[in-house]
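Peer 1: structure for the following, please:
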Amino acid sequence: MPKVIAVNISDKKGVPKRTIEFGEFIEDFGLKGDAHAGNWHRQVSFLGQESIDKMKALGIKGLCTGKFAENITTEGIELYKLNIGTKIDIGGAIFEVTQIGKECHKKCAIFHQIGNCVMPIEGIFARVLKGGTVKAGDEIRIMDGKGI
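Peer 2: Here you go, the predicted model:
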């Protein structure tokens with residue numbers, strides 16, 4: 001069963017995030033206290049541990065959760081294969097996928113630190129449809145089955 005590995009936060013954009021015990025996700029806003037939260041379509045970012053492991057396999061050392069500035073690190077699901085509009089339930093908080101990957105117009109701090117970035121290809125973005133608390137170990141449920 002897919003699950004949350006970590007919840008990550010930062011007060012600046014374009015930098016790695018630090019892992020926190022739990023996150024409070026606010027409806028139509030995002031993660032409370034996170035730089036990316038706000039009234040837009042990329043309120044929350046997700047990246048799979050499987051994607052991080054691909055970067056590790058290239059020999060990049062020191063990779064851990066939050067290093068790619070993702071809010072929620074997952075395991076057991078190929079996030080980038082989900083469809084836009086897919087709804088995700090994590091502990092009662094409901095997210096809707098709004099974007100798969102992103103265009104990086106300039107190389108961020110993550111790229112400069114690591115030399116590459118998987119987030120533009122395999123990271124996904126969502127908005128919060130229903131707020132709630134999310135923590136490591138929470139089960140991830142795809143509500144409508146899209147992309148599975």
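Peer 1: beta partners for residue 72?
Peer 2: Assessed by DSSP bridges, residue 72 has beta-bridge partners residue 7, residue 46.
Peer 1: ok, residue 68 to residue 15 distance?
Peer 2: 11 Å (Cβ to Cβ, to the nearest Å). In short, each C-beta sits where N, CA and C put it, glycine included.
Peer 1: more neighbours: which of these two?
Peer 2: Higher neighbour count among residue 68 and residue 15: residue 68, with 26 against 16, using other Cβ atoms under 10 Å.
Peer 1: that one - that's part of a helix, no?
Peer 2: No - using DSSP: H, G, I helix; E, B strand; the rest coil, the secondary structure at residue 68 is coil, not a helix.
Peer 1: and it, how close does it get to residue 34?
Peer 2: From residue 68 to residue 34 the distance is 14 Å (Cβ to Cβ).
Peer 1: repeat for residue 42
Peer 2: For residue 42 relative to residue 34 (Cβ to Cβ), the value is 11 Å.
Peer 1: between those two, which is the more surrounded one?
Peer 2: Neighbour totals were compared for residue 42 and residue 34, and residue 34 leads with 25 against 17 (other Cβ under 10 Å).
Peer 1: which helices and strands sit right next to the longest helix seen in the chain?
Peer 2: In the chain, with assignment by DSSP state H, the single longest helix is helix 49-57. Using 3 or more Cβ pairs under 8 Å, 6 or more residues apart in numbering; DSSP states H and E, the elements in contact with helix 49-57 are strand 72-75.
Peer 1: list of residues touching the strand it packs on?
Peer 2: With contact meaning Cβ atoms under 8 Å, 6 or more residues apart in numbering, strand 72-75 is reached by 2-8, 23, 44-50, 52, 65-66, 90, 134, 140.
Peer 1: what is the mean pLDDT for the helix or strand just after that strand?
Peer 2: Counting by DSSP states H and E, the next helix or strand C-terminal to strand 72-75 is strand 87-90. Averaging pLDDT along strand 87-90 yields 97.
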